[in-house]
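A.B. asks: okay, structure incoming, though there's no sequence with it:
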């Protein structure tokens with residue numbers, strides 16, 4: 001499954017609707033916790049976190065020293081359930097108005113990121129309202145898609161036209177090679193944790209090419 005990306009295609013992954021460029025990765029190990037699922041789905045989501053973190057060369061931890069868990073994934077049926085989660089309004093400023101906007105938009109998923117003083121990601125909250133559309137998605141596919149979108153601050157337009165996932169000949173769903181390569185390159189220790197200039201995309205492209213030649 002070939003999926004080579006040009007510098008412009010990489011830049012588009014981090015260029016927001018307002019034209020600004022921003023790529024940020026995690027500045028600390030991920031400490032994920034999942035709410036609202038059975039044990040089988042929990043294992044699937046945790047497995048997706050481990051697989052994507054291994055791909056990126058990033059660490060998974062049992063706990064985060066500040067929050068306990070810094071990556072929270074919520075599965076639920078109605079947006080009105082979120083304000084009832086104890087202390088969630090302390091973690092997410094403006095939770096009530098956010099829920100109102102998501103209800104009005106008919107949204108079935110949303111991610112909220114928090115950042116440290118340097119701009120690197122230090123927390124992520126993933127909300128999945130399990131409507132008929134998401135119910136039809138296999139757990140492995142849904143988990144992998146959400147995890148990869150939580151590993152970097154992608155553009156708000158990055159995956160509107162094409163999923164970050166692809167399918168192998170045997171039916172298995174995996175990260176598209178181009179997206180996997182960008183993720184790996186973004187977590188390369190020589191790359192900055194935060195970038196706001198589109199020249200960053202050229203550096204990512206160079207890392208992809210060096211990986212192919214290695």
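C.D. replies: Done, it's in. Nothing here was measured: the structure is a model prediction, and the numbers come from that model.

A.B. asks: which helices and strands does the lengthiest strand in the chain pack with?
C.D. replies: Looking across the chain with DSSP state E, the single longest strand is strand 121-129. When contacts are defined as 3 or more CB pairs under 8 Å, 6 or more residues apart in numbering; DSSP states H and E, strand 121-129 sits against strand 71-76, strand 109-115, helix 139-151. Where you see a C-beta, it was placed from the backbone N, CA and C, and this is true even at glycine.

A.B. asks: chain center to the second one, what's the gap?
C.D. replies: Looking back up the chat, that one is strand 109-115. Centre-to-centre, strand 109-115 and its host chain are 9 Å apart (CA atoms, centre = their mean, to the nearest Å).

A.B. asks: so it versus strand 71-76, what angle?
C.D. replies: Taking axes from the mean of the first three to the mean of the last three CA atoms, to 10 degrees, one finds strand 109-115 and strand 71-76 inclined to each other by 160 degrees.

A.B. asks: contact partners of strand 109-115?
C.D. replies: With CB atoms under 8 Å, 6 or more residues apart in numbering as the test, strand 109-115 has contacts from 24, 92, 98, 102, 121-129, 134, 146, 149-150, 153.

A.B. asks: what pairs with that strand, and is each one parallel or antiparallel?
C.D. replies: Paired with strand 109-115 in the same sheet, following DSSP bridges, are strand 121-129 (antiparallel).

A.B. asks: skipping adjacent residues, who's closest to residue 197 in space?
C.D. replies: Once flanking residues are discounted, residue 197 sits nearest to residue 21: 6.3 Å by CB to CB, 6 or more residues apart in numbering.

A.B. asks: who does the one you found form a beta bridge with?
C.D. replies: Beta-bridge partners, per DSSP bridges, of residue 21: residue 15.

A.B. asks: thought residue 195 was touching it, still the case?
C.D. replies: Yes: between residue 21 and residue 195 there is a contact under CB atoms under 8 Å: 7.3 Å.

A.B. asks: what do these two both touch?
C.D. replies: Joint contacts of residue 21 and residue 195 (CB under 8 Å, 6+ apart) are residue 14.

A.B. asks: returning to what we had before: what is the rounded mean pLDDT of the longest strand of the chain?
C.D. replies: Averaging pLDDT along strand 121-129 gives 97.

A.B. asks: chain center to it: distance?
C.D. replies: So, by CA atoms, centre = their mean, the centroid of strand 121-129 is 8 Å from its chain's centroid.

A.B. asks: what sits up against that strand?
C.D. replies: 24-28, 64, 66-67, 70-79, 82, 91-92, 102, 107-116, 134, 142, 146, 150, 152-153.

A.B. asks: so after that strand, what's the next helix or strand?
C.D. replies: Downstream of strand 121-129, the first helix or strand assigned by DSSP states H and E is helix 132-135.

A.B. asks: pLDDT on that next one, on average?
C.D. replies: 95.

A.B. asks: for stretch 44-64, same thing?
C.D. replies: For stretch 44-64, the mean confidence score works out to 96.

A.B. asks: and it, what's buried?
C.D. replies: Across stretch 44-64, burial judged by 16 or more other CB atoms under 10 Å covers 44-46, 48-49, 51-53, 55-56, 58, 64.
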